[in-house]
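K.L.:
Task: produce atomic coordinates for the following.
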Amino acid sequence: MRFTPLRLLLSALPLLVLAGCASTGPCGGSDKYLEAQERPLLNLPPGVLGSERIAPVVIPPAAPDPERLDPEPRCLDYPPQFFAQPQVKPASPEAVVRNWGAAWSQRRPDLVMQAYAPSFEAPGKGGSAAFLTEREQQVATGPVPSPTLLDLVVTKGGSKRKIVTFIQVFGDEQVHREMTLVREGDSWRIESERTLPAP
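P.N.:
Below is the predicted model:
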């Protein structure tokens, strides 16, 4: 292998760079580590145990009766107030009927059907199943009513039953309805419905 001046220069270049760094000080780094001094060990006060690096962590044995660990009331039995679930108040009978009307105006038969109670009693001789099937078809394909119900009045009927009357508007036609709502758990559902004579 012949050494040409160019090859000699290229092979010597890394040595020249390193020599330049050594002669001009640190190459962009810090030499503070050269001033480091050995420090004496930390002296712990009497009665204070060392950290887990000095002594292993001691886990206390489980109590034989964990029910008696905390005083009454046991703090971990209930979530902190920040994490507690807010108490959701049931929608009022008025809100349920207004949502029923809005769902009909949006052609949402699924939401309209959800407003009826399983114990729904239909007027007339057809029975509840026939009434609800017909209502579902009316919502899906029939005339679209106004989303606003007029003259909505809630009559007191006890804590678990309310009577709601209102007017539903279909263009130039007005239908006067009466609904009986029953409370089921945290919600109100339509238990019966009938059409009233025009006021």
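K.L.:
immediately after the lengthiest strand in the chain, which helix or strand?
P.N.:
Counting residues, the longest strand in the chain under DSSP state E turns out to be strand 173-184. Note on strand 173-184: by DSSP states H and E, the next helix or strand toward the C-terminus is strand 187-196.
K.L.:
Taking their axis directions, that following strand and strand 173-184 sit at what angle?
P.N.:
In terms of direction (axes from the mean of the first three to the mean of the last three Cα atoms, to 10 degrees), strand 187-196 departs from strand 173-184 by 150 degrees.
K.L.:
where does this structure have low pLDDT?
P.N.:
1-10, 12-29, 47-58, 63-90, 199 (pLDDT under 70).
K.L.:
all helices for it, in order.
P.N.:
Under the criterion DSSP state H, the chain contains helices at 5-23, 93-105, 109-114, 128-141.
K.L.:
Could you check the shortest one and say which residues are buried?
P.N.:
Neighbour counts over helix 109-114 (16 or more other Cβ atoms under 10 Å) mark P109, V112, M113 as buried. For every residue, glycine as well, the C-beta is placed using N, CA and C.
K.L.:
how about JSON lines for the residues you listed, with distance to P45 added?
P.N.:
Supplementary listing: the buried residues of helix 109-114 in JSON lines, determined by distance: Cβ to Cβ, whole Å:
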{"residue": "P109", "distance to P45": "77"}
{"residue": "V112", "distance to P45": "75"}
{"residue": "M113", "distance to P45": "75"}
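K.L.:
Would you check how far apart V139 and A122 are?
P.N.:
Applying Cβ to Cβ, to the nearest Å, the value for V139 to A122 is 15 Å.
K.L.:
If you count surrounding residues, which of the two has more?
P.N.:
Taking neighbours as other Cβ atoms under 10 Å, V139 and A122 compare with V139 leading, 22 against 18.
K.L.:
Contact partners for the more buried one?
P.N.:
Neighbour list for V139: A103, W104, R107, R108, P109, V112 [criterion: Cβ atoms under 8 Å, 6 or more residues apart in numbering].
K.L.:
Pretty sure Q138 is one of the things the last one touches, is it not?
P.N.:
No - between V112 and Q138 there is no contact, the gap being 9.0 Å when judged by Cβ atoms under 8 Å.
K.L.:
for stretch 143-153, how far is the first residue from the last?
P.N.:
Between the opening and closing residues of stretch 143-153 we find a distance of 24 Å, counting by Cα to Cα, to the nearest Å.
K.L.:
Just the residues contacting it, thanks.
P.N.:
Among residues not part of stretch 143-153, those counted as contacts by Cβ under 8 Å, 6+ apart are 94, 97-98, 101-102, 104-107, 164-171, 174, 199.
K.L.:
And those, which of them are buried?
P.N.:
The neighbour-count test (16+ other Cβ under 10 Å) applied to the contacts of stretch 143-153 identifies 94, 97-98, 101-102, 104-105, 164-169 as buried.
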